[in-house]
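# any chance you could fold what I've pasted below:
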Amino acid sequence: MKKALMVLLVVVFVVIVSNAYAQGPTIKAYPYLYKSPRAMGMGGAYVAIGGRTDSVFYNPAGLSAMPEDNWEVNLLGLSAEIGKNSIDFVNDLSDALDTGDLDGDGDEGDDQMRAVNDVLAQYRGENLHLGMQDLTSFGRNFGSMAIALGGVGTFRLDAMTHQGFGSNGLLEINGDLTAGGFLSLSARLMDGLYLGGTVKGLHREALVHSFTARELVEKQDNLSDYITDELRQSGDAVGFDLGLLYRMEDSSL
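The predicted model follows:
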């Protein structure tokens, strides 16, 4: 009876926390630090499974499901993702910014402006995405306790072109580069019930801005300096995660 009550409390806790984080729609991509290829292959159903060091990004208690007596070592686990037409958009925009004086009036700016507007109109409404991530980690399950430590890096860039009449400008950019390290522990509380915790130290560089066509043309010669000096946001943070996992096969319930 005591074990059944414990399981019920765990279920209630998970439901309450899940609903708290699910409130309100958002137009931006769901924030994440690392997406495990294994978890994506399972359709995201990884919170109650675990068994790898990447469990720390879903449910740190899942470290206790790792095979015992062997170290798990992941070195340079790079993965990349590119949205449809993303590379074409970058190339077309670059060509537009290289447009010369087509009408012979001695001013390249107006010709570049028209070329940039044509490119933005061509890709209007498309979500253009680039992403890359890496996980380097070490972990081991000692039976009553499991440990994992390592480093993670994630780069994401989402862009969308608009009509240009509203507050979103013509080209909306939402990108970030995040890197840091983590240490995670998982321990068995009782038969079938495991508690895990993770501490992460992270640094993030972010760009959230809506560009106008004129802004892109006027800043093209020093665009990287403009982004770095005036638009870039950066910060450091420490995060803590807690997770519970109940494995029916490990219990006599």
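# ranges for the helices of the stretch 1-150 of the chain?
2-20, 37-41, 86-97, 108-122 (DSSP state H, counting those that start in this stretch).
# confidence-wise, which of these is weakest overall?
Among the helices of the stretch 1-150 of the chain, helix 2-20 has the lowest mean pLDDT, at a mean of 45.
# low-confidence ranges in the stretch 51-200 of the chain?
For the stretch 51-200 of the chain, the stretches with pLDDT under 70 are 100-109, 164-169.
# CA atoms of the one helix or strand Leu177 maps to as PDB?
Per DSSP states H and E: Leu177 is located in strand 171-190. The C-alpha coordinates for strand 171-190 follow below in PDB (Å, rounded to 0.1, in the frame of the first residue of the first chain):
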ATOM      1  CA  LEU A 171      13.200  39.800 -42.000                       C
ATOM      2  CA  GLU A 172      12.700  38.500 -38.500                       C
ATOM      3  CA  ILE A 173      15.700  36.700 -37.000                       C
ATOM      4  CA  ASN A 174      15.700  34.500 -33.800                       C
ATOM      5  CA  GLY A 175      19.000  32.800 -33.200                       C
ATOM      6  CA  ASP A 176      21.300  31.700 -30.300                       C
ATOM      7  CA  LEU A 177      24.500  29.900 -29.500                       C
ATOM      8  CA  THR A 178      24.600  28.100 -26.100                       C
ATOM      9  CA  ALA A 179      27.500  26.200 -24.600                       C
ATOM     10  CA  GLY A 180      28.300  24.900 -21.100                       C
ATOM     11  CA  GLY A 181      28.900  21.900 -18.900                       C
ATOM     12  CA  PHE A 182      26.800  19.700 -16.600                       C
ATOM     13  CA  LEU A 183      27.100  17.200 -13.800                       C
ATOM     14  CA  SER A 184      24.200  14.800 -13.000                       C
ATOM     15  CA  LEU A 185      23.500  12.200 -10.400                       C
ATOM     16  CA  SER A 186      20.800   9.600 -10.000                       C
ATOM     17  CA  ALA A 187      20.200   7.400  -7.000                       C
ATOM     18  CA  ARG A 188      17.800   4.600  -6.000                       C
ATOM     19  CA  LEU A 189      15.300   5.600  -3.300                       C
ATOM     20  CA  MET A 190      13.600   2.300  -3.000                       C
END
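# the inter-axis angle of that strand versus helix 108-122?
Orientation note: strand 171-190 sits at an angle of 50 degrees relative to helix 108-122 (axes from the mean of the first three to the mean of the last three C-alpha atoms, to 10 degrees).
# buried ones in strand 171-190?
The neighbour-count check on strand 171-190 (16 or more other C-beta atoms under 10 Å) flags 171-178, 180, 182, 184-188 as buried. (C-beta placed from N, C-alpha, C; glycine too.)
# and which of these is nearest to Pro67?
Distance to Pro67, by C-beta to C-beta, is smallest for Ser186 among the buried residues of strand 171-190, at 13.7 Å.
# what's opposite the closest one in the beta bridge?
Ser186 forms beta bridges with Ala146, Gly196, as assigned by DSSP bridges.
# residue contacts, it?
Going by C-beta atoms under 8 Å, 6 or more residues apart in numbering, Ser186 touches 60-64, 145-147, 194-197, 245.
# apart from its chain neighbours, what residue comes closest to Leu157?
Gly175 (3.8 Å; C-beta to C-beta, 6 or more residues apart in numbering).
# the one you found contacts Arg156, correct?
Yes. The pair Gly175 / Arg156 is scored as a contact, 6.1 Å apart, by C-beta atoms under 8 Å.
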